[in-house]
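Asker: Requesting a structural model of the entry that follows:
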Amino acid sequence: MRIAISGHRLLPPATELLVSQELDRLLTAQPAPVVGISCLADGADALFAQAVLAHRGELIAVVPASEYRHGLPKEHHTTYDHLLSAAEEVHRLPFTESESNAHMEASSLMLTLADELWAVWDGKPARGYGGTADVVQAARDAGLPVQVIWPEGASRD
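Answerer: The predicted model follows:
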């Protein structure tokens, strides 16, 4: 099973814990280790990638732009570097700037590689082009199954 992730960044610590627990539960229920596909950003992307590796799955990284890492919070760089080095495959898109179009193109590539999308999503509209709601809609338009993950008690901002 190849699962792509999309989801919110900058989650409060309590929500990160709830999401991590739910990801662990869902991955434990999988009949075999999964291949996780992630852009490795802080928040949902990294939580999913870490959970996949903890469950002895494989990781495919998609890097939206050559300047992508620089757009992530500095405190996430060590985690990002670790996850990127743990990836079995790395797909690098030809964008330089880490902006909305690059992010949506990266998500579109993930969807073509995946059998399913897991979305850590509060169900609200995207705050900008390429946000989680846009990725969920693209997956649904492509006929890809979508598993929405937003545990009770989760919050954003």
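Asker: centre of the chain versus stretch 97-105, how much separation?
Answerer: In terms of CA atoms, centre = their mean, to the nearest Å, the centre of stretch 97-105 is set 14 Å apart from its chain centre.
Asker: Give me the average confidence score over that stretch.
Answerer: Average pLDDT, stretch 97-105: 97.
Asker: what ranges do the helices span in the chain?
Answerer: For the chain, applying DSSP state H gives helices covering 13-28, 44-54, 77-86, 100-113, 132-141.
Asker: which of the residues in the fourth one are buried?
Answerer: Right, the one you point to is helix 100-113. Ala102, His103, Met104, Glu105, Ala106, Ser107, Ser108, Leu109, Met110, Leu111 (16 or more other CB atoms under 10 Å). The C-beta positions use only the backbone N, C-alpha and C, and glycine is treated the same way.
Asker: next one: the longest one
Answerer: By neighbour count with 16+ other CB under 10 Å, helix 13-28 contains the buried residues Thr15, Glu16, Leu18, Val19, Ser20, Glu22, Leu23, Leu26, Leu27.
Asker: try the second one
Answerer: Of the residues in helix 44-54, those with enough neighbours to count as buried (16+ other CB under 10 Å) are Ala44, Asp45, Ala46, Leu47, Phe48, Ala49, Gln50, Ala51, Val52, Leu53.
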